[in-house]
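Chemist: any chance you could fold what I've pasted below:
(2 chains, ligands or ions: 1)
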Amino acid sequence: MTRAGIIGYGVSIPHWRIKTTEIARVWGKDGEHVAAGLGVKEKAVGGFDEDSATIAVEASRRAVKMSGIDAQKIGAIYIGSESKPYAVKPTAATVADALMAGPDLMAADYEFACKAGTAGIQTCLGLVKSHMIDVGLAVGADTAQGRPGDALEFSAASGGAAFLVGREKIIAEINHTYSYTTDTPDFWRRQHEEFPMHAGRFTGDPAYFKHVVSCAKKTMEIAGTQASDYAYAVFHQPNGKFPVRAGQILGFSKEQIQTGLITPVIGNTYSGASMIGLAAVLDVAKSGDRILCVSYGSGAGSDGFDLTVTSEIVRHKPVAQVQDLVAKKEYIDYATYIKNRRKLKSL
Amino acid sequence: MWRNIPERYNLLGTHCQTCGKYYFPMRRVCPTCRRKGKLVDAKMPETGKILSYSQVFVAPSGFEHETPYFLAIVELANKATLLTQIVDSKADVVKEGARVELVFRKIYEDSPEGAIAYGYKFRVV
Ligand SMILES: [Zn+2]
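Modeler: Purely as a prediction, here's the structure:
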């Protein structure tokens, strides 16, 4: 069987942050209480001129630089997002031109709530393993929106990650991938509606935990592994609490989960969330480390990945490490946040 | 607007092989060598420094919601110069000589229904 895996990756996290306590102040809520309950201290907010396309481009350019490949080698680009700048016009084409990767490539935007980016990794893996293409690019990027005053507003954030999948100079081999999918109405956004709806507390047990845990178990069964075989585990992170509990259910220690847990300091970047977590793990991983990564998308499904870091990792350094991007920040107040995210109808 | 995507997205400019100068945006004729100039496409470097700047408080139509913002003349590493917005950078770091790097941002959208133009801006490193 042909080996394939990640040959480069890049992350984009906007410069601006808003604290959970600042959002709570505006709505007369106890900010410390909300932050502790969600496990989210602050979130990343895109600037006035940022959207999921600009975030996808920044992450993708970093991935290409890290891999050292000529962008013309990219044979497919898939962008996963639920906050596309256009309802009908592919972000993938914008990314292709911004990388000077076109015009000879396959390209499409994917949709599956927060797991559309990892679905792109699976597609690239299939195309690369079957030798239809040499290198594929999968991106998860969002500028997530919560309705002002809604619980989602405390966590919905902006950010993204890009992964290049190839057969040569693999830094993390994808040994196995598996997906778990059911029709579950936990979270949705109807056509022409600006903000998503969610089924409140329902989004916990029957949705997130059922899918993430089932997918992780089956992925490990296929791989013939158990929790103790992994140096790191990364789960989709809509808040700071869910992934920790999912890890506990599956028998992972806090140490195995901590490195890939980024939502507490940047918020839930939706399609970007599990992929940024995986990037944070690869930033520090060593040759031989095994990683389990499980995404989750409402609606609902999970994609599981069993990866092994190779010795190639020492020859490819990320352009920007996740922890450095997390640290590089400036705080804005609620009014600036509303202006930047264009929640005022006149904007 | 889509015609100059290589310039706006990737800073594709012009190099004169006769005198060695770089130009952005693209030129059809080298201002120094005139007809003797041999021009080829060249991707501009992604870093440079601020030569001069100003902060815009009253913006032209289409940019009103972005004020206040910084406009700067940036000298790229190959000495080509360009006019650009400086983003993600507070007033105390935007100064003459500050090192900047290329970013990809929304430049303009004519309305919520209209097309979005993306392109280059810079930020202080
Ligand atoms: Zn010349």
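Chemist: right, and A:Val95 touches A:Ile55 too?
Modeler: No. If you go by Cβ atoms under 8 Å, A:Val95 and A:Ile55 don't touch, sitting 10.3 Å apart. Heads up, the C-betas are built off the backbone N, CA and C, glycines and all.
Chemist: more crowded one of those two?
Modeler: Ranked by neighbour count (other Cβ atoms under 10 Å in any protein chain shown), A:Val95 and A:Ile55 place A:Ile55 first, with 32 against 29.
Chemist: show me the domain layout of the chain.
Modeler: No chain was given, so I picked chain A. A:5-171+A:315-340, A:173-313 (automatic domain parsing).
Chemist: sorry, should have said chain B
Modeler: Split by automatic domain parsing, chain B gives B:1-44, B:46-125.
Chemist: output those in TSV; the columns should cover distance to the ion, mean pLDDT and mean neighbour count.
Modeler: Listed next are these as TSV, based on distance: least, Cβ to the ion, whole Å; pLDDT from 0 to 100; neighbours: other Cβ atoms under 10 Å in any protein chain shown:
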stretch	distance to the ion	mean pLDDT	mean neighbour count
domain B:1-44	3	92	15
domain B:46-125	13	92	16
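Chemist: got the contact list for the residue lying farthest from the centre of chain B?
Modeler: Distance from the C-alpha centroid of chain B, by Cα atoms, centre = their mean, peaks at B:Lys36 (27.0 Å). The contact partners of B:Lys36, by Cβ atoms under 8 Å, 6 or more residues apart in numbering or on different chains, come to B:18, B:30.
Chemist: hang on, A:Arg62 packs against A:Val11?
Modeler: Yes. Between A:Arg62 and A:Val11 there is a contact at 6.8 Å, judged by Cβ under 8 Å.
Chemist: more neighbours: the two, which one.
Modeler: A:Val11 (30 against 22).
Chemist: which elements pack onto the helix or strand that that one is a member of?
Modeler: Per DSSP states H and E, A:Val11 falls inside strand A:5-12. Applying 3 or more Cβ pairs under 8 Å, 6 or more residues apart in numbering or on different chains; DSSP states H and E, one finds that strand A:5-12 contacts helix A:52-67, strand A:158-166, strand A:172-184, helix A:273-284, helix A:322-327.
Chemist: want to throw those into JSON lines with distance to chain B and mean pLDDT?
Modeler: JSON lines is the format used below for the helices and strands packed on strand A:5-12 (distance: least, Cβ to the nearest Cβ, whole Å; pLDDT from 0 to 100):
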{"stretch": "helix A:52-67", "distance to chain B": "4", "mean pLDDT": "98"}
{"stretch": "strand A:158-166", "distance to chain B": "12", "mean pLDDT": "98"}
{"stretch": "strand A:172-184", "distance to chain B": "26", "mean pLDDT": "96"}
{"stretch": "helix A:273-284", "distance to chain B": "18", "mean pLDDT": "98"}
{"stretch": "helix A:322-327", "distance to chain B": "12", "mean pLDDT": "98"}
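Chemist: from these, which stretch is densest packed?
Modeler: strand A:158-166 (a mean of 31; mean count of other Cβ atoms under 10 Å in any protein chain shown).
Chemist: could you tell me the angle between that strand and strand A:172-184?
Modeler: Orientation check (axes from the mean of the first three to the mean of the last three Cα atoms, to 10 degrees): strand A:158-166 against strand A:172-184 gives 130 degrees.
Chemist: each with direction, which strands does strand A:158-166 pair with?
Modeler: Taking DSSP bridges as the criterion, strand A:158-166 forms sheet pairs with strand A:5-12 (antiparallel), strand A:135-143 (antiparallel).
Chemist: circling back: ok, the residue farthest from the centre of chain B to chain A distance?
Modeler: From B:Lys36 across to chain A, the span is 30 Å (Cβ to the nearest Cβ, to the nearest Å).
Chemist: just to revisit the earlier point, and of the domains of chain B, who's closest to A:Leu125?
Modeler: domain B:46-125 (26.7 Å; Cβ to Cβ).
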